[in-house]
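# pasting a predicted model and its sequence here:
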Amino acid sequence: MKKQFKNLLALLFAAVLFLVGCNTDVVDETDVSETEVQNVNEFCLYENGTGLYTIVQSSKSSDTANDAGSLCWKTFKETFNAELPISDDWVMDPSAIPTDSAEILIGNTNRAESAEVYAAMDQYVYRITCTNNRIVIAASADTLLDDALEVFFANIKTDENGRVTVPSDLDITLTREQVWKDTLVGVPLYDGGAYTGTALKETWGFAEDDPSVMIGISETNADEFAAYIAKVRNEGFNTVLRADWGGVVAYQCDKDDVSFYTYHTESTGETRVIKDNSKTASLEEFNYIFETAEGETNELYLYGLRYQDPEIPESAVYNNNGMLMFIKLADNSLIAIDGGMDTQIDSEEFMEFAREITGIPEGEQIRIACWFITHKHGDHIWGFDKVLKECANELVLERMMYNHKNGTDFVYDAENPNEKYHLAHDNVMYHLPRTGETIQFGDVTLDVLYTQEDLVNIKESLYRTDDNYNNSGTVLRITMDGKTCMIFGDIDVAASNIMMKYYTEEQLKCDMMQVSHHGYNYLAEIYKIMDPTIALFPVARNEVKRQYPLVLECVESICEENYFGGTETIGLRAVDGEMQVIYRRPVTFPPITEVLPEETTEEEAGEAEE
């Protein structure tokens with residue numbers, strides 16, 4: 001009996017073990033299945049307070065790529081509360097490069113996975129892909145790594161335990177063709193070369209809701225550009241050659257409601273394709289063609305403004321910069337170039353000057369055939385803008401021309417950064433000048449040698465430009481009566497270096513030049529190449545001598561004649577093949593009590609505080 005009980009007890013115990021074992025097997029099978037699914041479908045980057053993946057960037061990276069690596073580390077820490085290790089890819093022995101470590105590879109590292117992706121990068125703007133035990137984040141330009149990281153982080157998941165994962169089958173690409181079709185709608189795709197694919201998109205000129213856009217191609221050549229123009233024609237576009245200046249070839253292309261401008265610069269191996277959505281006047285509409293009668297002449301004027309001059313006490317309340325120039329055309333209409341500050345110019349004095357040089361009597365309107373603005377700074381706009389408003393019944397503005405980088409520090413109405421400058425004038429025709437165009441006014445031509453589009457570094461980035469806004473100005477070469485004058489606005493070294501790449505020394509030669517940025521920028525190299533006879537300084541000589549003596553010394557060593565807008569209004573005309581001074585009018589300053597504000601009363605001060 002006792003033995004039978006023991007046997008029964010043993011059988012019961014065995015049965016319990018069997019049932020428990022069966023139940024345990026079911027649970028384990030379920031756990032294993034779920035774990036296997038997770039391992040197959042995701043990479044775990046961070047768990048239980050430990051970073052399981054290392055952020056790796058190239059030891060040979062640009063500062064931009066290094067910044068992207070730092071951004072990656074910072075985003076994990078601040079957004080996902082996950083601190084991952086970060087390092088570069090340097091190894092002393094190439095054979096020691098790790099092959100199976102869990103890594104997030106930023107940019108073109110020495111890992112095989114990075115090399116494989118970058119080998120096909122000419123097809124992509126960026127690519128994010130998981131391969132082996134690694135995540136590759138690659139871009140056609142280091143400046144686009146931030147864009148790729150933004151997409152990568154949008155695919156990261158976290159759970160309530162702080163576990164950070166990413167899908168192991170992640171493979172996201174942005175191709176050049178996708179960007180082209182989305183950006184340059186209706187424009188034929190450029191075959192060949194390489195480009196980042198991100199478009200430069202600025203509110204250029206006049207279309208607030210539908211701005212102009214540009215895509216640039218690097219590592220291309222003249223043959224590929226010619227093939228592109230042939231392709232454009234085959235797709236039904238009308239193409240008009242705008243420039244064939246050896247180093248610069250440009251075309252305007254139109255079909256139905258699609259209009260774009262493209263130009264190739266051979267020395268840099270770059271092509272730019274710009275779709276202008278603003279629907280401004282075409283060059284053919286904008287040109288002002290008329291026959292010059294015998295005895296009619298064209299004249300160039302540097303208009304004298306009230307500048308600060310350390311030797312004139314009354315000048316202390318004025319700006320030490322500003323620029324205003326004019327071309328008097330043979331039909332007595334005027335082209336205005338920039339504008340000066342509103343405090344530097346008196347409207348009545350200007351009208352006296354304008355009537356004097358044109359011979360148009362009181363009671364008749366003076367035609368401003370065009371107002372060209374080099375760049376959107378107040379000292380190049382507000383003065384002539386004031387004149388146009390105050391003398392709206394005596395002046396008629398017919399055209400405006402400018403190509404501006406967007407901004408808000410140089411307009412009257414901050415709520416409307418695209419407010420048009422003419423304000424008091426209707427029916428003004430607008431045109432956006434492009435590099436390679438030649439604009440014609442009678443027998444005067446204006447060649448566009450440089451615009452803000454040229455400042456964009458296509459190979460590195462399409463939307464980050466030089467920090468110096470002055471370099472986004474437009475440069476013109478004016479030809480009148482066989483003599484040439486270079487109009488620089490305020491450009492600095494970056495812009496002048498681009499021009500010296502684009503053009504031969506012979507193409508940059510000129511008879512006259514407007515000294516850039518009021519004599520503040522030292523552009524000795526391009527000045528020496530240009531080798532002009534006459535220099536026009538939009539500033540007081542004593543101010544340049546005081547602040548920038550090296551510039552003054554440089555220019556005066558090159559040019560035989562030097563004129564200063566802080567001293568006088570100077571007029572020049574071609575006579576027997578030589579430029580001669582035909583007009584002088586000294587700059588005068590009101591007594592200092594007339595330009596200083598009156599003393600504020602206590603009552604006015606109280607109102608101001610309120």
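Structure's in. What do you need? Just so we're clear, the structure is a prediction, and the values are computed from it rather than from any experiment. Numbering: from 1, shown residues only.
# contact partners of the helix or strand harbouring Phe350?
Per DSSP states H and E: Phe350 is located in helix 347-358. Identification of contacts with helix 347-358 by Cβ atoms under 8 Å, 6 or more residues apart in numbering yields 299, 301, 303, 326, 328, 332-334, 360-362, 366, 386-387, 390-391, 394-395, 569, 571, 583, 585. C-beta here means a position set from N, CA and C on the backbone, and glycine is covered the same way.
# tell me the helix or strand right after it.
The helix or strand immediately downstream of helix 347-358 is strand 366-372, counting by DSSP H and E.
# elements contacting that next one?
strand 334-338, helix 347-358, helix 382-390, strand 395-397, strand 399-401 (3 or more Cβ pairs under 8 Å, 6 or more residues apart in numbering; DSSP states H and E).
# off-centre distance for it?
27 Å (Cα atoms, centre = their mean, to the nearest Å).
# mind listing what that strand pairs with, with the direction of each?
strand 334-338 (parallel), strand 395-397 (parallel), strand 399-401 (parallel) (DSSP bridges).
# please enumerate the helices of the stretch 501-610 of the chain.
Here the stretch 501-610 of the chain has its helices, by DSSP state H, counting those that start in this stretch, at 505-508, 524-530, 541-547, 549-558, 592-595, 602-609.
# tell me the mean pLDDT for the last one?
Translated: helix 602-609. Here helix 602-609 scores 42 as its mean pLDDT.
# for the stretch 1-150 of the chain, just list every one of the helices.
2-41, 63-80, 112-119, 145-153.
# give me the domain ranges for the protein.
For the chain, automatic domain parsing gives the domain ranges 44-175, 184-275, 283-289+296-590.
# okay, the ones you listed in CSV with mean pLDDT and mean neighbour count next?
Shown next, in CSV, are the domains of the chain (pLDDT from 0 to 100; neighbours: other Cβ atoms under 10 Å):
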stretch, mean pLDDT, mean neighbour count
domain 44-175, 92, 17
domain 184-275, 86, 19
domain 283-289+296-590, 89, 19
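# that older thread, so which of the helices and strands packed on strand 366-372 comes closest to Ala230?
Among the helices and strands packed on strand 366-372, the nearest to Ala230 by Cβ to Cβ is strand 399-401 (30.9 Å).
# what comes into contact with the closest one?
281, 286, 288, 368-373, 420-422, 428-433, 439.
# downstream of it, the next helix or strand is which one?
The helix or strand immediately downstream of strand 399-401 is strand 429-431, counting by DSSP H and E.
# ok, that next one: who's next to it in the sheet?
Here strand 429-431 has these sheet partners by DSSP bridges: strand 399-401 (parallel).
# so how far is the partner strand from its chain's centroid?
Computed by Cα atoms, centre = their mean, the chain-centroid distance of strand 399-401 equals 21 Å.
# for Tyr452, what are phi and psi?
In this structure residue 452 is Gln, not Tyr. Dihedral angles of Gln452 (phi, psi; degrees, to the nearest 10) stand at phi -60, psi -30.
# that one touches Gly473, doesn't it?
Yes - here Gln452 reaches Gly473: they are 7.5 Å apart, a contact under Cβ atoms under 8 Å.
# isn't there a strand covering Thr479?
Yes - according to DSSP: H, G, I helix; E, B strand; the rest coil, Thr479 belongs to a strand.
# from Tyr288, how far off is the spatially closest residue to it that is not a sequence neighbour?
Sequence neighbours aside, Thr445 is the residue nearest to Thr479 in space, at 4.8 Å (criterion: Cβ to Cβ, 6 or more residues apart in numbering). Applying Cβ to Cβ, to the nearest Å, the value for Thr445 to Tyr288 is 11 Å.
# do Asn319 as well
Using Cβ to Cβ, one gets 32 Å for the distance from Asn319 to Tyr288.
# which stretches in the stretch 151-300 of the chain count as strands?
Assigned by DSSP state E, counting those that start in this stretch, the stretch 151-300 of the chain shows strands spanning 157-158, 164-167, 171-175, 200-202, 212-217, 238-244, 248-255, 258-265, 270-275, 299-302.
# distance to Trp382 for those strands - can I get that in CSV?
Formatted as CSV, those follow (distance: least, Cβ to Cβ, whole Å):
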stretch, distance to Trp382
strand 157-158, 53
strand 164-167, 54
strand 171-175, 43
strand 200-202, 22
strand 212-217, 25
strand 238-244, 32
strand 248-255, 32
strand 258-265, 30
strand 270-275, 29
strand 299-302, 18
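# which residues touch Leu550?
Tyr522.
# ok, the closest residue to Leu302 other than its chain neighbours - contacts?
Leaving out its chain neighbours, the residue that sits closest to Leu302 by Cβ to Cβ, 6+ apart is Leu536, at 4.5 Å. Shown in contact with Leu536 (Cβ under 8 Å, 6+ apart): Leu302, Met325, Cys485, Met512, Met513, Gln514, Val515, Tyr563, Gly565, Ile570.
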